[in-house]
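> here's a sequence, model it:
(one chain, ligands or ions: 1)
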Amino acid sequence: MPQIAFDRFYRYAELTEILHALAREYPHLAAIETIGKSHEGRDIFVLTVTNVQTGPASEKPAFWIDGNIHSTEVAASAAALYFVNMLVTQYGNDADVTRALDTRAFYVCPRVNPDGAEWALADKPKWVRSSTRPYPFDEQDVEGLSVEDIDGDGRILQMRIEDPNGLWKAHPQAPNLMVRREPTEIGGTYYRILPEGRYDHYDGYTLKIKRPRQQLDLNRNFPASWRQEFEQQGAGPYPTSEPEIRAFVDFVVRHPNITAGTSFHTWSGVLLRPFEHMPDDDMDAEDLWFYQRAGRKGTEVTGYPAISVFHEFRYHPKSVIGGTSDWIYEHLGAFSWVVEIWSPMREAGLSDYKFIDWFRDHSIDDDLALYRWNVDKLGGAAHHGWKPFQHPQLGAIEIGGWDRFHAFGNPPLSLLEREIGKFPRWLLWQALCSPALELVHAGSERLGDGTYKLTLVIQNVGWLPTYVTKRALARKTVRGVFAELELPEGASLATGKLREDIGQLEGKAYKHTGVSFWPDYNVTDDRVKREWIVRAEEGATIGITARHERAGTVHASLVLG
Ligand SMILES: [Zn+2]
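Here you go, the predicted model:
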């Protein structure tokens with residue numbers, strides 16, 4: 001097993017080898033499969049992690065994890081890989097990990113979008129939002145700037161061009177830091193700033209950036225809240241039109257044991273929950289309460305605030321979006337979160353940092369705080385000084401400024417492991433909150449005349465009810481517990497049914513915290529007892545299976561005597 005490093009990012013070939021090595025090294029805990037192929041034909045891998053000696057993954061409640069649906073958010077892959085590595089290496093050492101793998105399963109897709117990530121991690125990187133498939137049009141803009149590393153240092157920074165009518169000037173206390181000039185200010189040295197890149201057909205005066213030829217946003221290609229391009233950029237021609245999302249959706253739908261999930265993205269340092277398109281008032285109260293409870297736990301463990309996308313994380317006040325998390329909650333009724341890894345602003349000591357709103361409006365003091373954090377804490381890794389460069393089309397310019405990919409879009413490598421190490425305890429907590437069927441009692445009693453009474457008692461030992469969310473009940477995406485008898489040749493039922501539909505078992509999540517103020521009329525609503533009478537030979541073996549799509553399967557075998 002190669003040592004997995006968490007101070008670097010892995011390209012496709014190395015990541016593929018690591019995932020296969022994990023499955024080889026821990027065959028009792030991890031299995032690998034390909035769930036589909038990307039646009040360019042790369043495999044999209046899912047690791048199934050569970051202790052197979054206590055039952056197959058399909059008979060256990062499961063937790064979904066994905067990452068790197070957006071090309072440049074490669075820390076998301078690292079976070080998923082970090083979690084898998086912790087699961088397999090800490091099994092038997094860590095009580096929560098051991099219990100989670102004995103009683104639950106994890107499906108982990110570390111890189112939903114291998115093509116886009118490969119472009120982002122190339123020696124000469126190229127940034128696209130998601131897929132590398134041209135969209136919505138095949139042709140490229142003819143004129144303008146193509147964003148790329150033009151000085152060959154492997155980074156895409158900014159270019160500044162001195163211009164008396166430029167918007168930007170040097171900060172008086174930190175001359176490398178570009179800040180906006182004042183509204184009525186004149187007489188200083190001003191600059192235009194644009195991303196590093198090559199320019200086609202420069203007319204000597206006007207500057208514009210080409211729109212990328214690849215404008216898909218795979219996180220807008222899910223069936224829930226899907227909207228056409230005019231309302232939602234990057235949506236694709238129809239839901240699941242893109243092979244990466246088709247593979248994702250197919251896998252999740254084929255695994256109805258998934259009770260919850262988390263999608264890793266970067267950046268903002270925040271835990272995001274549904275809805276993305278509706279206010280909290282439109283969510284079932286019980287679901288909202290658990291989301292709030294899980295959010296508090298997440299904040300306690302990770303230090304990240306937990307918020308609703310609709311209320312606090314909209315790109316524009318008038319825009320609504322759909323994505324992984326909304327699909328998993330809205331359509332399937334499973335709990336789903338998005339983690340936006342990493343907040344440079346919080347690292348720099350900015351308090352009351354307002355996520356997306358910060359980009360629209362923040363003070364120059366904030367920029368200076370970020371710049372000083374870069375100097376004092378990162379040794380200049382987030383912001384590079386301006387270096388003269390003879391640009392092939394634009395002439396004498398300078399290249400430098402913020403390193404968006406290595407310090408903002410992803411944690412700097414020196415801080416990567418610290419940052420992605422914040423999440424495993426919260427993921428485990430979420431997984432261990434799932435419903436879980438347990439066999440309390442299975443027995444037989446001889447009644448005479450060749451008849452026997454069979455008794456089965458099962459219960460839900462999970463925190464959540466077997467149906468998980470009220471939304472799942474309302475949307476009819478979850479069925480109840482089925483108890484099924486397997487009778488030997490010659491045996492028959494006198495009373496009861498071969499397959500009993502038992503319905504749902506409650507959990508503990510929605511009980512009052514004030515014990516004794518209101519009576520709980522059904523104290524054992526997490527437990528059920530069923531009886532059957534069978535005619536069978538003495539010594540015959542009867543199998544009983546109780547199963548729930550989300551809460552798992554239990555088996556009992558009774559020898560009549
Ligand atoms: Zn993202």
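
> contacts and neighbour counts: CA atoms only from here.
Will do.

> could you list the buried residues of the longest helix anywhere in the chain?
In the chain, assigned by DSSP state H, the helix with the most residues is helix 285-302. For helix 285-302, a neighbour-count test (16 or more other C-alpha atoms under 10 Å) marks Asp287, Leu288, Phe290, Tyr291, Gln292, Ala294, Gly295, Arg296, Lys297, Gly298, Val301, Thr302 as buried.

> pipe those into CSV and attach pLDDT per row.
Formatted as CSV, those follow (pLDDT from 0 to 100):
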residue, pLDDT
Asp287, 97
Leu288, 97
Phe290, 97
Tyr291, 98
Gln292, 97
Ala294, 98
Gly295, 98
Arg296, 98
Lys297, 98
Gly298, 98
Val301, 98
Thr302, 98
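
> dump those residues to TSV, plus distance to Lys124.
Formatted as TSV, those follow (distance: C-alpha to C-alpha, whole Å):
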residue	distance to Lys124
Asp287	46
Leu288	45
Phe290	45
Tyr291	42
Gln292	43
Ala294	41
Gly295	39
Arg296	41
Lys297	41
Gly298	37
Val301	37
Thr302	34
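
> residue ranges for the strands of the stretch 151-300 of the chain, please.
158-162, 168-171, 174-180, 191-195, 197-200, 258-266, 270-273 (DSSP state E, counting those that start in this stretch).

> pick the most buried one from the ones you listed.
strand 258-266 (a mean of 27; mean count of other C-alpha atoms under 10 Å).

> for that strand, which outside residues touch it?
The contact list for strand 258-266 (C-alpha atoms under 8 Å, 6 or more residues apart in numbering) reads 61-70, 73, 75-77, 79-80, 252, 324-325, 328, 334-342, 409-410, 427, 430-431, 434, 468, 550.

> among those residues, which are in strands?
62-67, 335-341 (DSSP state E).

> ok, so of the residues you listed, who is nearest the ion?
Relative to the ion, the closest of the ones in strands among the contacts of strand 258-266 is Glu340; by C-alpha to the ion it sits at 7.3 Å.

> the closest one touches Leu271, doesn't it?
Yes: in this structure, Glu340 is within contact of Leu271 by C-alpha atoms under 8 Å, at 6.3 Å.

> in CSV, list the buried residues of helix 285-302 along with distance to the ion.
Shown next, in CSV, are those (distance: C-alpha to the ion, whole Å):
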residue, distance to the ion
Asp287, 24
Leu288, 24
Phe290, 24
Tyr291, 21
Gln292, 22
Ala294, 21
Gly295, 19
Arg296, 22
Lys297, 23
Gly298, 19
Val301, 22
Thr302, 19
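
> count of residues packed around the nearest residue to Thr302 once chain neighbours are set aside?
Setting aside the residues directly before and after it, Thr302 is nearest to Lys422 in space (C-alpha to C-alpha, 6 or more residues apart in numbering), at 5.1 Å. Lys422 has 17 neighbouring residues, counting by other C-alpha atoms under 10 Å.

> now Lys422, what's its secondary structure?
What DSSP: H, G, I helix; E, B strand; the rest coil gives for Lys422 is coil.

> roughly how far does it sit from Tyr304?
To Tyr304, Lys422 is 9 Å away according to C-alpha to C-alpha, to the nearest Å.

> now swap in Asp326 and tell me
As defined by C-alpha to C-alpha, Asp326 lies at a distance of 20 Å from Tyr304.

> neighbour count winner among those two?
A direct count of neighbours by other C-alpha under 10 Å for Asp326 and Tyr304 places Asp326 higher, at 27 against 23.

> list the contacts for the closest residue in space to the more buried one that isn't next to it in sequence?
Nearest non-adjacent residue to Asp326, counting by C-alpha to C-alpha, 6+ apart: Pro274, 5.6 Å away. Shown in contact with Pro274 (C-alpha under 8 Å, 6+ apart): Ser308, Val309, Phe310, Ser325, Asp326, Tyr329, Ser336, Trp337.

> look up the closest residue to the first one, ignoring the ones flanking it.
Same thing as Ser308. Arg273 (4.9 Å).

> wait, that neighbour touches Pro305, no?
No: Arg273 lies out of contact with Pro305 (C-alpha under 8 Å); the separation is 11.0 Å.

> give me the distance from the longest helix of the chain to the chain's centre.
Helix 285-302 sits 16 Å away from the centroid of its parent chain (C-alpha atoms, centre = their mean, to the nearest Å).

> tell me what whichever helix or strand comes after it is packed against?
Downstream of helix 285-302, the first helix or strand assigned by DSSP states H and E is strand 306-308. Strand 306-308 makes packing contacts with strand 270-273, helix 285-302 when contacts are defined by 3 or more C-alpha pairs under 8 Å, 6 or more residues apart in numbering; DSSP states H and E.

> these two touch, right, Thr72 and Phe405?
Yes: checked against C-alpha under 8 Å, the pair Thr72 and Phe405 is within contact range at 7.0 Å.

> so which of the two has more stuff around it?
A direct count of neighbours by other C-alpha under 10 Å for Thr72 and Phe405 places Thr72 higher, at 28 against 21.

> residues in contact with the more buried one?
Neighbouring residues of Thr72 by C-alpha under 8 Å, 6+ apart: Gly116, Ala117, Ala120, Leu121, Trp127, Val128, Arg129, Phe405, Gly409.

> any idea how many residues pack against the fourth one?
For Leu121, the tally of surrounding residues (other C-alpha under 10 Å) stands at 20.

> Ala13 is in contact with that one, correct?
No: contact criterion C-alpha under 8 Å: Leu121 and Ala13 do not qualify, at 11.7 Å.

> before we move on, the earlier item: so what sits against both of Arg273 and Pro305?
Contacts common to Arg273 and Pro305, judged by C-alpha under 8 Å, 6+ apart, are absent.

> spell out which residues of the stretch 151-300 of the chain are next to the ion.
Within reach of the ion by C-alpha under 5 Å from the ion, the stretch 151-300 of the chain has these residues: His265.

> for the ion, what's the nearest residue on the stretch 151-300 of the chain?
For the stretch 151-300 of the chain, C-alpha to the ion, closest residue to the ion: His265, 4.3 Å.

> which strand residues bridge that residue?
Glu340 (DSSP bridges).

> go on, Ala260?
Phe63, Phe335.

> mean pLDDT per helix and strand in the protein: which one sits at the bottom?
helix 355-360 (a mean of 83; mean pLDDT, DSSP states H and E).

> does it come close to the ion?
No: with C-alpha under 5 Å from the ion as the criterion, the ion is not reached by helix 355-360; the gap is at least 12.8 Å.

> quick one: name whatever helix or strand follows that helix.
Scanning forward in sequence from helix 355-360 by DSSP H and E, the next helix or strand is helix 364-378.

> next, the contact list for Pro114, please.
Neighbours of Pro114 in contact, by C-alpha under 8 Å, 6+ apart: Tyr12, Ser38, Arg42, Asp43, Ile44, Ser71.

> oh, that last question was meant for Val478, not what I typed.
Neighbouring residues of Val478 by C-alpha under 8 Å, 6+ apart: Tyr467, Ala472, Glu549, Arg550.

> now do Gly67
Counting by C-alpha under 8 Å, 6+ apart, Gly67 has contacts Ala76, Ser77, Ala79, Ala80, Cys109, Pro110, Arg111, Val112, Ser263, Phe264, His265.

> enumerate the beta-bridge partners assigned to the fifth one.
When you say that, I think you mean Cys109. Asp66.

> surely it and Ala78 touch.
No: counting by C-alpha under 8 Å, Cys109 stays clear of Ala78, with 11.1 Å between them.

> picking that back up, want to throw the contacts of Thr72 into a markdown table with secondary structure and pLDDT?
Below are the contacts of Thr72 laid out as a markdown table (DSSP: H, G, I helix; E, B strand; the rest coil; pLDDT from 0 to 100):
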| residue | secondary structure | pLDDT |
| --- | --- | --- |
| Gly116 | helix | 98 |
| Ala117 | helix | 98 |
| Ala120 | helix | 97 |
| Leu121 | coil | 97 |
| Trp127 | coil | 94 |
| Val128 | coil | 95 |
| Arg129 | coil | 95 |
| Phe405 | helix | 93 |
| Gly409 | coil | 95 |
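
> okay, those residues in JSON lines with distance to Leu560 next?
Shown next, in JSON lines, are the contacts of Thr72 (distance: C-alpha to C-alpha, whole Å):
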{"residue": "Gly116", "distance to Leu560": "61"}
{"residue": "Ala117", "distance to Leu560": "60"}
{"residue": "Ala120", "distance to Leu560": "64"}
{"residue": "Leu121", "distance to Leu560": "64"}
{"residue": "Trp127", "distance to Leu560": "67"}
{"residue": "Val128", "distance to Leu560": "65"}
{"residue": "Arg129", "distance to Leu560": "63"}
{"residue": "Phe405", "distance to Leu560": "67"}
{"residue": "Gly409", "distance to Leu560": "64"}
